[in-house]
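Student: here's a sequence, model it:
(2 chains)
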Amino acid sequence: MIMSVDFKKIEKKWQERWEKARLFEANPDEREKFFITAAFPYLNGVLHAGHLRTFTIPEVVARFQRMKNRNVLWTFGYHVTGTPILGLAELIKNRDEKTIWAYTQLHGIPEEDLLELTTPEKIVEYFSKKAEEAFKRMGFSLDWRRNFKTSDEVFTKFIEWQFYKLKEKGLIVKGSHPVRYCPSCDNPVEDHDILIGENATLVEYTLIKFTTEDNCIMPMATLRPETVFGVTNVWVNPEATYVKAKVYLEKETDKGVKLIDNGIWIMAKECAKKLKHQNRKIEIIEEFKGEKLVGKKVKNPITGKEVPILPAKFVKTNIGTGCVMSVPAHAPYDYIALRDLGLVDKIGLIPLIKLPNYGKFPAKEIVEKMGIKSQEEEDKLEEATKKIYKEEFHKGVLNENCIGYEGLAVREVKDKLTKDLIEKGLAEIMYEFSEEKVVCRCGCPCMVKMVKGQWFIKYSDEKWKELAHKCIDRMKFIPENLRQVFHEKIDWMKDKACVRRRGLGTKFPFEEGWVIESLSDSTIYPAYYTIAKYINQYNIKPEQLTLTLFDYVFLGKGNIDEIEKETGISKDIIKNMREEFLYYYPVDWRCSAKDLIPNHLTFYIFNHVAIFPEEHWPRGIVVNGYVTIEGKKLSKSKGPVLPVLEVAEKFGADVGRFYITTCAELPQDADIKFKEMENTKKVLERIYFLTKEVADRKKTEKVNEELTYIDQWLLSVLNKAIKQYSEFMDNFELRKAGILIYQLLDNLKWYKRRGGDNLNVLEEFLEVLIKLMCPFTPHICEEMWEMLGKEGFVSTSKFPNVNEDFINEEIEKGEEYLKAVIEDIKEIINVAKVKPRKIYLYTADDWKYDLLKIIKENEGKTIKELMPIIMKESKFRKYGKEIPKVVNQLIKNNAELINEVKVLENAKEFLKREFDVEDVIINGEDKANKKRHALPFKPAIYLE
RNA sequence: GCAGGGGUCGCCAAGCCUGGCCAAAGGCGCCGGACUUAAGAUCCGGUCCCGAAGGGGUUCGGGGGUUCAAAUCCCCUCCCCUGCACCA
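Tutor: All right, here's what the predicted structure looks like:
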């Protein structure tokens, strides 16, 4: 007969009972609170295996903390703002084949349902229902009264408030920013719009404004602005086309774009074309070949030095301005070009960087060392350039030629110098792609375009960053190395464009026609959870949620009577909201997968520190790794997806929960293997039937109250496990907690093998085991709890106390010892190929125990230090030769001091059974002179 | 390039912080045994090499070092993964 458990039936039964008992609704009380959140899901599909992992982790922890008598707030919202849902609606409306395939085949949506989803609203409605169903089927212990979608009008009022707060602090600013742009499509392009060069990033070139004799500006494009101190000449490409043009800067003001006269520039024709898109208006005056410039002089704006314009074919006009500074002391290209012209001596080299292991002129040195002959050897030149660049960047220090910057490291000076030059009006920034070719899907080459009139959140603000760092210093991170990662992300953060022209979202309150971008509207929403219950239950209208109300609830500002009048919300409710916020905030733990580190989680910290007082800053972040399925990466469009509902259907909620949280350590990527999931199911079934057996036997059998040796051992192991489990769970080490459960099952196996069968002990064991398993597999645990005749829900039962009295190291070591003895006997049987009739066991001589005692008393000492201590005692002298060897072995074997004879005597019958021998003789006649080999914790063995 | 993570006995994966209980947990796979009419499940045992007494040998990406002792600490080196933004 195949024994199986109807998981689905059990799950349904308990989910209904929990819901009826409103078991997981959280309300403030006198207990300690525990507020845990996960980054809510974006609903352009069903919840998948990745969500399952990220959400089940906090779910399990929430259940654990609840059993620890914490008042746990654990709930969810749905993220629906942004463009993907909009895009999906269009695809479905257009009956896009690929989309229909993916959603019917991978997401498991029936085609007739899917084809209906032609508007964003329908999609949101449909997938939020699906998500709720998935959460419920998995037995999540959520407070559903607090659920919301980011498109809810009441929620958008909250986002509006958030933006007013940021604006008040000067953190919402208007400006322009560079994007990758296709002139043919007249649209910014995203990664997936790009045919060639999708990895291209934007690179900032510094344009240093040299001036010609007739007062024109010749901007030198460079990635190494610090080398301006060593310019000996400048290069132009004699064959390329250059222009002279009037340049204006387009400056944004509240009243629109203002043009500022920026002088007359000389630059490559291509450059002029590009700069038009980068906040500059350009009127071309004349066009000419580069050779026309050769021989003229320009003035270095930093050093004031006049240098000649020389021709060089290596100068590219498709990058930068087509005008290049020549720094032959440090740039191999420049040195070679100068040498090719035969002008090295005449022009001279100006060193500006001191570099260890190099002389005054690193470029000259490396060119000579590599034997580069001319400009034609481009590969070698590239290599030399890279090498020098790298070394100078990491190890170089500016020398005395760099007035005002001497002594600074190259890596530090770059940004500073650029900033200084821009401030003084001596330089500007120009953007280029990091790759030469970037082509749009339409086939047209892309360019960099400055988008004007964009609104930003000013994450670059130094004071703001300081607060964020401060917050990070105080937070807890799991894993701990995240702290450093976040510090770095904060430093690296620049302003973020926070509004869009299309997509779902909150209307931007400070200018018509914009929608708040979707990463910016989901930063402080855990605060909303604390009051969502009131908004949902009392059906509070969006217009009642005024700025002053939120100010009062979240910041404690304002007069409650006036707010009552203004909003029409009763004073009691407002007060409750405020109190509930104060009770639950801050968030104790925020959980997410690692993809949200550089964006959402960083914004989460930023926005909290900007808006809330310190006591409400985030306390902790937990980040888990990704999920793969049978080694394959998840993909919403190509599969595999493994919807959560499919897991519930095929394996059951408990199996899915337990497996996904324990199959990999938290920061590691987890690979789902269906075979292993099946095994998890079998384990749960075995526990179920074991419980059933014990429950049944309890009804009829008499219980032996007396505790045997092995009963005591099991209770010791059990109580120790409670302790360890608790520590693991506090630290989100769910896999370790899971392994502990498996180990307990192994212990139980051993207990039975050793003849343990005390019903009271078994029941005690199961009761604890069920409680330890409950956060992971709550349904089957409730079922077993009921089976054992326990009161109430195990889900809300108290976590077991550790009974220190039962923890018995001596007994545990004894069993460890016994297992080792069995191993040894087996080994001998194996190697000697004997089938013994009798087993003789000999424990060590007393002096060896004395030795062990000394070793134990001097733990931490090295062997070298140990020897004199031992030899001081005369009784050891006669074993002098043997002592070092024995000491070594004792340390190596990790020997323990226990009453070995007692353990062996107690296990005599057991050993006889195990090895099927007539007799086990302890310290009997010394057969074959074996006894002398005995060591403490490692008896001598003779088989007959 | 910068930053973070990783490379362990067929595969997956612990151990590394806090050096000796490490030939290195656990799972999968494979082999053998018990149970069974049989299969499955379960239980027991084996799974780097050698070994007729519990032992020995060679292993933890590669090279070097520290130490009585290194998978674990230090230095160098090779390889893999992820992120570097306006996309959720």
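
Student: where does pLDDT dip in the stretch 1-150 of chain A?
Tutor: Scanning the stretch 1-150 of chain A for pLDDT under 70 picks out A:1-3.

Student: same thing but 50
Tutor: A:1-2 (pLDDT under 50).

Student: how about chain A?
Tutor: Scanning chain A for pLDDT under 50 picks out A:1-2.

Student: spatially central residue in it, please.
Tutor: What sits nearest the mean C-alpha location of chain A, by CA atoms, centre = their mean, is A:Lys594, with 2.8 Å.

Student: on the three-state scheme, the closest residue to that one other than its chain neighbours is what?
Tutor: Closest residue in space to A:Lys594, ignoring its immediate chain neighbours: A:Val623 at 5.0 Å, by CB to CB, 6 or more residues apart in numbering. (Glycine included, C-beta is placed from N, CA and C.) Following DSSP: H, G, I helix; E, B strand; the rest coil, A:Val623 is assigned to strand.

Student: next one: A:Ile264
Tutor: Assignment for A:Ile264 (three-state DSSP): strand.

Student: might you report the residue contacts of the residue lying closest to it once chain neighbours are set aside?
Tutor: Closest residue in space to A:Ile264, ignoring its immediate chain neighbours: A:Cys216 at 4.7 Å, by CB to CB, 6+ apart. By CB atoms under 8 Å, 6 or more residues apart in numbering, the contact set of A:Cys216 is A:244, A:263-266.

Student: closest to RNA strand B out of the residues you listed?
Tutor: Nearest to RNA strand B, judged by CB to the nearest atom of the strand, of the contacts of A:Cys216 is A:Trp265 at 27.1 Å.

Student: can you get me a residue count around the closest one?
Tutor: Here the count is done by other CB atoms under 10 Å, and A:Trp265 has 24 residues near it.

Student: ok, A:Asn233 next?
Tutor: When counting by other CB under 10 Å, one arrives at 23 neighbours for A:Asn233.

Student: do the same with the one 10 residues further on
Tutor: The burial metric for A:Val243, expressed as a neighbour count using other CB under 10 Å, is 20.

Student: tell me who's in contact with it.
Tutor: The neighbours of A:Val243, taking CB under 8 Å, 6+ apart as the test, are A:266-269, A:272, A:284-288.

Student: narrow these to just the buried residues.
Tutor: A:266-269, A:272 (16 or more other CB atoms under 10 Å).

Student: helices - which of these land there?
Tutor: A:269, A:272 (DSSP state H).

Student: which of the buried ones among the contacts of A:Val243 sit farthest apart?
Tutor: The span of the buried ones among the contacts of A:Val243, defined through CB to CB, is set by A:Ile266 and A:Lys269 at 10.8 Å.

Student: please enumerate the shared neighbours of these two.
Tutor: Taking CB under 8 Å, 6+ apart as the criterion, A:Ile266 and A:Lys269 both touch A:242-243.

Student: quick check, A:Gly175 in a strand?
Tutor: Yes: the assignment for A:Gly175 is a strand, going by three-state DSSP.

Student: any residues touching stretch A:200-208, and which ones?
Tutor: Contacts for stretch A:200-208 (CB under 8 Å, 6+ apart): A:178, A:180, A:194, A:219-223, A:225, A:228, A:301-302, A:320-321, A:325, A:418, A:421, A:426-435, A:438, A:448.

Student: go again using 7 Å as the cut-off
Tutor: With CB atoms under 7 Å, 6 or more residues apart in numbering as the test, stretch A:200-208 has contacts from A:178, A:219-223, A:225, A:228, A:301, A:320-321, A:325, A:418, A:421, A:426-435, A:438, A:448.

Student: my guess is the residue nearest to A:Lys594 contacts A:Ile597, does it?
Tutor: Yes: using CB atoms under 7 Å, A:Val623 makes contact with A:Ile597 at a distance of 6.3 Å.

Student: neighbour count winner among those two?
Tutor: Set side by side, A:Val623 and A:Ile597 show more neighbours around A:Val623, with 24 against 16, by other CB under 10 Å.

Student: A:Lys369 versus that one, what's the distance?
Tutor: Distance, A:Val623 to A:Lys369, by CB to CB, to the nearest Å: 47 Å.

Student: one more: A:Glu112?
Tutor: 73 Å.

Student: and the residue in the stretch 151-300 of chain A that RNA strand B sits nearest to, how many neighbours?
Tutor: With CB to the nearest atom of the strand, the shortest gap between the stretch 151-300 of chain A and RNA strand B falls at A:Thr201, namely 4.1 Å. Look at A:Thr201: counted by other CB under 10 Å, it has 9 neighbours.

Student: give me the next element, helix or strand, following the helix or strand in which A:Lys819 is found.
Tutor: Per DSSP states H and E, A:Lys819 falls inside helix A:809-832. Per DSSP H and E, the first helix or strand lying C-terminal to helix A:809-832 is strand A:838-842.

Student: quickly check: that following strand near RNA strand B or not.
Tutor: No: contact of strand A:838-842 with RNA strand B (CB under 7 Å from any atom of the strand) is absent, the minimum separation being 7.8 Å.

Student: now that strand: buried residues?
Tutor: Neighbour count says strand A:838-842 has A:838-842 buried, by 16+ other CB under 10 Å.

Student: equivalent analysis for stretch A:311-322, please.
Tutor: Result for stretch A:311-322 [16+ other CB under 10 Å]: buried residues A:311-312, A:314-315, A:317, A:319-322.

Student: what's the answer for stretch A:499-519, then?
Tutor: A:499-500, A:503-506, A:508-509, A:514-519.

Student: let me know the closest of those residues to RNA strand B.
Tutor: Nearest to RNA strand B among the buried residues of stretch A:499-519, with distances taken as CB to the nearest atom of the strand, is A:Ser518, at 3.8 Å.

Student: once you drop chain neighbours, what's closest to the closest one?
Tutor: A:Gly82 (3.3 Å).

Student: that neighbour: how many residues sit nearby?
Tutor: A:Gly82: 23 surrounding residues under other CB under 10 Å.

Student: grab the nearest non-local neighbour of whichever residue of the stretch 351-500 of chain A sits closest to RNA strand B.
Tutor: Closest to RNA strand B within the stretch 351-500 of chain A is A:Lys494: 3.0 Å, counting by CB to the nearest atom of the strand. In space, and not counting its chain neighbours, A:Lys494 is closest to A:Ser460: 5.2 Å by CB to CB, 6+ apart.

Student: quick one: the one you found is in a helix?
Tutor: No: counting by three-state DSSP, A:Ser460 falls outside a helix, being coil.

Student: residue contacts, it?
Tutor: A:493-495.

Student: filter those residues to the buried ones?
Tutor: A:493, A:495.

Student: hang on, the earlier thing: partner residues bridging the residue nearest to A:Lys594?
Tutor: When assigned by DSSP bridges, A:Val623 has beta-bridge partners A:Ser592.

Student: list the buried residues for the strand or helix carrying A:Leu744?
Tutor: Using DSSP H and E, A:Leu744 falls within helix A:734-753. Under the neighbour-count criterion of 16+ other CB under 10 Å, helix A:734-753 has A:734-738, A:740-741, A:744, A:747-748, A:750-751 buried.
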